[in-house]
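Chemist: what's the 3D shape of this:
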Amino acid sequence: MTQYTPRQALATPAAHEFGFPHTPYEIQEQLMQELFRVLENGQVGIFESPTGTGKSLTLTCGALTWLERHEELVKSEMLARIVAVERELEKLQTEGERATDWLEAQGKSRLQREELRKLQHLQGLLEKREQQLAEMRERVKSKKKQRSREARPKLLETKEQDPASDSDSDGEHETADGTEEPSEDRYRPVQIFFCSRTHSQLAQIVSELRKTPHGKWVRCISLGSRQQLCGNPQVRRLKQVGLMNERCLEMATQKKSQPNPSKKSRLSEAEASSQGRCPLKTQSLVDSLRDLALSEPLDIEELATEGAACGACSYYASRAALDQAQLILLPYQLLLQKSARQQLGINLKGSVLVVDEAHNLLDSLAQLHGAEINHQQLERARTEIAAYKEHFQKRFSTRNLLKINQLIFIVKRLLKILEQAASSRMLRTYELTAEGDFFNIDLHELLEFCARTRFARKVQGNAARMQREPQPSENQPPSARSLILQRLTKEHEEREKPKPGKRKLEDMQEPAGGKKEPTVMKPLLEVAPSPIRPLLAFLETLTSDAADGRILLDPQGGTLKYLLLDPAEQFAEILTDARAIVIAGGTMQPTQELKEQLFATCQDRLVERFYNHVVPDDAVLPFVIPNGPKGAPLRFNFAQRGSPEMLQELAMVLQNLCQVIPGGVVCFLPSYDYLDKVHKHLEQSGSLERISRKKSFFREVSGSADHLLEKYAKAIKEPSEPSGSSGALLLSVVGGKLSEGLNFADDLGRAVLVVGLPYPNRQSPELEQRMRHLDEKLGPGSGNEFYENLCMKAVNQCIGRAVRHIRDYACVYLLDERYTSPRIRGKLPEWIARHIVEAAAGKGGFGAVQAQTARFFKGR
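Modeler: Modelled structure (predicted):
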């Protein structure tokens, strides 16, 4: 693909020219203009705009305004350059007739002719692309008129169509999930890839985009996995993403088989249909859905709904739309992983990358590029590969048979390492290969063989076919394949056995008559995803630079886990290919480790901007509380926080503040264990009863929080008349579901309390290795700095749950004497740090805090 880079620079627009749907605040104006300059100059921008300041919409309007003007400049400048070069050629030809140095004149003309040829070629490609887009718009208009006249086709009707009406070749579907390069030269405009943590955050961007003028012209597409977009019930019922991928690919490669009326099938009608080609992947329907998706912004749920309505595959339609889209919305994992980019056909060359909610970017990179495999998966991989080898052994070439034997050997050696290990330890990648005695096997070549031959899919398909085989009769000896199947079944039954002391209720209850119903063995395909892909993912990590990661060998858990310590290499390709990168979040500070680990090679391109909150200075009142109501120093570290004294001080703080704070109070605690301990103390001391007279009480439990939030919000909006309580107190956990991404606006969060400094477990092997690595790479003390930053970013996320818009107001309470340290205070958000009131004993202590809090809310 070809791209044109203008020579002329774009001027930064005025604030009112960005198509912002409301009157922008000053910081929104500044952010849009600075973002425009970063994109125009090809820089890397790190932006912090506090939560609740409309950051995502501001980023979208700024980026799309730049894109619109850039595309206009490309067209006008390209045309102007063609005219200028043509005139220059005419001038050179005229001068050449009179020139004494014929060779020099011809040389100049040749250069101009070459430039003109390139420009005309680019213009031709651009015009062809514009024509294709015009045809697409006409198809969408026609389709919408047709759909308004007749009912939308249903999925059942689509299934009756011939799925082989387009093409029934293996090649079409085999390459569908590969990196399919376009066969023709095409013009490639600049695209904007906008990624965030969750699809719900991206859906919010689509909703806001529709309110702007940009929503009328931008071709926007939302990318997701099959879990979000697949509409085939045979695939959706598998639930797990790995299983869904494998089943979809299996159905995509199925040929349409014609039934033989003379033979009776052993399969039921439902089973037979489940083994056929997917009717949703009919090419004409997928193309129609692609055109519709590009004609108007749709979020991921709307795209899936449209696919179900028209009987087309939303997953493949979104991928087909990728090339023509201008704005691509996608979650982190689909963009930050090279394998995911290749699978989806994402090309970042010359594109703009916007990473929203990027406060945990380093952690996300480490998690996405880690890999883990356990003993059970290795056993299954060995069995399935051996079965595949045995079944097709006579068909393999000597070279392919060697590769399969190498893979079996590696699996056996990894199993041996796990079984013989006495204790947990860390290994470098080359130490694992040496200890496993497969250091002399070329893993790059082996992985290339597996990718080229689609080895994982073939082994998984063979295992599925084995499970569908009829069992051997009593009079026939079992085949080797049957023996392997029996072994798989036996292993599955062993795994399904309840552990001692943890028997399931249904296992302990016998049906009437004392007879147990026979256990129906589910196919293994529905129990767990194929182990081959996790195996290959783990082997791929062994090919990375040994300095970038470590292998955690855990014999007790039966796992081998690759830990990425240095994400720079994984991000390097993105940094090189993208025209400009924007990293944005509500709590980006401190940014030093981000710059040192990801952007050390491009410090000259870096631009950092940190913006204040939109709320007035008097809308937030933050306190540091170093002493409790009884005067005891508050130090909620691991060793002291469980003491009776600390628990009593915390109980009194909660009890006293609930007396003067209206609406909702959210208290963040360091862990679920400590939350349970605090709750128990509140109950036993009678504090919970006293608090409940004023506020309803709720506490977070590990897992889903949606139902809890509904009850919490209802208690605040509908006060309990019998008890006379108004508002609610919610005990939550730092790093839990309620501490990130949720909105406690207005009365839902009139106060936020953070108890202690939530440092992660320093004894964690992963954290120890990462800190040691940072000390070695960036100098002594870097590991401790990283450790402290992890804690403070978690604190800042909790603080950001309150004060969500310009008319909101709240109090913030930081309960621990360590918050008085200038170093710790320096890592708090600027809009909080500059207003902090330190409630020291000499300044009135906790009594002054309660009095100031009462005055703060009384004035509202």
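Chemist: quick one: the most centrally placed residue in the chain from His359, how far?
Modeler: Geometric centre of the chain, nearest residue: Tyr332, 3.3 Å, by Cα atoms, centre = their mean. As judged by Cβ to Cβ, to the nearest Å, Tyr332 and His359 stand 12 Å apart. Quick note: C-beta positions are derived from backbone N, CA and C, even for glycine.
Chemist: right, and the secondary structure at Phe47 would be what?
Modeler: With DSSP: H, G, I helix; E, B strand; the rest coil as the basis, Phe47 sits in strand.
Chemist: Cys667 too?
Modeler: Per three-state DSSP, Cys667 ends up strand.
Chemist: if you skip the residues just before and after it, what's nearest to it?
Modeler: Leu753 (4.2 Å; Cβ to Cβ, 6 or more residues apart in numbering).
Chemist: Over to the one you found. Which of the three states is it?
Modeler: Relying on three-state DSSP, one would call Leu753 strand.
Chemist: who's it bridged to?
Modeler: Cys667, Tyr813 (DSSP bridges).
Chemist: count of neighbours near it?
Modeler: Residues contacting Leu753 under the criterion other Cβ atoms under 10 Å number 25.
Chemist: Check the spacing between it and Phe623 real quick.
Modeler: Distance from Leu753 to Phe623, by Cβ to Cβ: 9 Å.
Chemist: mind listing what the closest residue to Glu431 other than its chain neighbours touches?
Modeler: Excluding the flanking residues, the one nearest Glu431 by Cβ to Cβ, 6+ apart is Ile551, at 7.7 Å. By Cβ atoms under 8 Å, 6 or more residues apart in numbering, the contact set of Ile551 is Met426, Leu427, Arg428, Thr429, Glu431, Leu432, Leu560, Lys561, Tyr562, Leu563.
Chemist: Dump those to CSV, plus pLDDT.
Modeler: Listed next are the contacts of Ile551 as CSV, based on pLDDT from 0 to 100:
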residue, pLDDT
Met426, 92
Leu427, 93
Arg428, 93
Thr429, 93
Glu431, 94
Leu432, 94
Leu560, 95
Lys561, 95
Tyr562, 95
Leu563, 93
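Chemist: May I see the ChimeraX selection of the buried members of these?
Modeler: Command for ChimeraX that selects the buried part of the contacts of Ile551, burial taken from 16 or more other Cβ atoms under 10 Å:
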select :427,429,431,432,560,561,562,563
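Chemist: Tell me which of the contacts of Ile551 fall in strands.
Modeler: Met426, Leu427, Leu560, Lys561, Tyr562, Leu563 (DSSP state E).
Chemist: Assign Glu20 to helix, strand or coil.
Modeler: For residue 20 the amino acid is Phe, not Glu. coil.
Chemist: Keeping just the C-alphas, turn stretch 231-248 into PDB.
Modeler: Presented in PDB, the C-alpha positions along stretch 231-248 are these (Å, rounded to 0.1, in the frame of the first residue of the first chain):
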ATOM      1  CA  GLY A 231     -23.600 -14.800  16.200                       C
ATOM      2  CA  ASN A 232     -23.500 -18.500  15.600                       C
ATOM      3  CA  PRO A 233     -25.100 -20.400  18.500                       C
ATOM      4  CA  GLN A 234     -22.900 -23.400  17.900                       C
ATOM      5  CA  VAL A 235     -19.900 -21.200  18.600                       C
ATOM      6  CA  ARG A 236     -21.400 -18.900  21.300                       C
ATOM      7  CA  ARG A 237     -22.400 -21.800  23.600                       C
ATOM      8  CA  LEU A 238     -18.700 -22.700  24.100                       C
ATOM      9  CA  LYS A 239     -18.200 -19.500  26.200                       C
ATOM     10  CA  GLN A 240     -14.400 -19.600  26.300                       C
ATOM     11  CA  VAL A 241     -12.600 -17.500  23.700                       C
ATOM     12  CA  GLY A 242     -10.100 -20.200  22.800                       C
ATOM     13  CA  LEU A 243     -12.800 -22.700  22.200                       C
ATOM     14  CA  MET A 244     -14.800 -20.200  20.200                       C
ATOM     15  CA  ASN A 245     -11.800 -19.400  17.900                       C
ATOM     16  CA  GLU A 246     -11.100 -23.000  17.300                       C
ATOM     17  CA  ARG A 247     -14.700 -23.900  16.500                       C
ATOM     18  CA  CYS A 248     -15.200 -20.900  14.200                       C
END
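Chemist: That one: which residues count as buried?
Modeler: Within stretch 231-248, the residues scored as buried using 16+ other Cβ under 10 Å are Gly231, Asn232, Gln234, Val235, Leu238, Leu243, Met244, Asn245, Glu246, Arg247, Cys248.
Chemist: And the closest residue in space to Ser671 that isn't next to it in sequence, how far from Ala639?
Modeler: Leaving aside its sequence neighbours, Ser671 sits nearest to Val733 (Cβ to Cβ, 6+ apart; 6.3 Å). Look at Val733 and Ala639: by Cβ to Cβ, they are 19 Å apart.
Chemist: The two - which one has more neighbours?
Modeler: Between Val733 and Ala639, Val733 has the larger neighbour count (other Cβ under 10 Å), namely 22 against 8.
Chemist: can you list the buried residues of stretch 231-248 in CSV and add pLDDT, distance to Leu67 and secondary structure?
Modeler: CSV is the format used below for those (pLDDT from 0 to 100; distance: Cβ to Cβ, whole Å; DSSP: H, G, I helix; E, B strand; the rest coil):
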residue, pLDDT, distance to Leu67, secondary structure
Gly231, 88, 31, coil
Asn232, 89, 35, coil
Gln234, 85, 40, helix
Val235, 86, 35, helix
Leu238, 79, 39, coil
Leu243, 74, 38, helix
Met244, 80, 34, helix
Asn245, 80, 32, helix
Glu246, 75, 37, helix
Arg247, 79, 38, helix
Cys248, 83, 33, helix
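Chemist: could these be laid out in CSV, adding distance to Ile192?
Modeler: What follows is the buried residues of stretch 231-248, written out as CSV (distance: Cβ to Cβ, whole Å):
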residue, distance to Ile192
Gly231, 28
Asn232, 31
Gln234, 36
Val235, 31
Leu238, 33
Leu243, 33
Met244, 29
Asn245, 27
Glu246, 32
Arg247, 33
Cys248, 28
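Chemist: Helices of the stretch 151-300 of the chain, start to end?
Modeler: 155-160, 170-174, 199-209, 226-229, 233-236, 241-252, 269-274, 283-295, 300-310 (DSSP state H, counting those that start in this stretch).
Chemist: For Leu708, which of those helices is the nearest?
Modeler: Proximity to Leu708 (Cβ to Cβ) singles out helix 199-209 among these, at 17.3 Å.
Chemist: Now do the closest one against helix 300-310, angle only.
Modeler: Angle, helix 199-209 to helix 300-310, by axes from the mean of the first three to the mean of the last three Cα atoms, to 10 degrees: 90 degrees.
Chemist: What helices and strands are in contact with helix 199-209?
Modeler: On a contact count with 3 or more Cβ pairs under 8 Å, 6 or more residues apart in numbering; DSSP states H and E, helix 199-209 meets helix 55-98, strand 192-196, strand 220-222, helix 300-310, strand 327-331.
Chemist: in it, what counts as buried?
Modeler: Judged by neighbour count using 16+ other Cβ under 10 Å, the buried positions of helix 199-209 are His199, Gln201, Leu202, Ala203, Ile205, Val206, Glu208, Leu209.
Chemist: Is it possible to get a markdown table of the residues you listed that adds distance to Glu301?
Modeler: What follows is the buried residues of helix 199-209, written out as a markdown table (distance: Cβ to Cβ, whole Å):
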| residue | distance to Glu301 |
| --- | --- |
| His199 | 8 |
| Gln201 | 13 |
| Leu202 | 11 |
| Ala203 | 7 |
| Ile205 | 13 |
| Val206 | 10 |
| Glu208 | 16 |
| Leu209 | 15 |
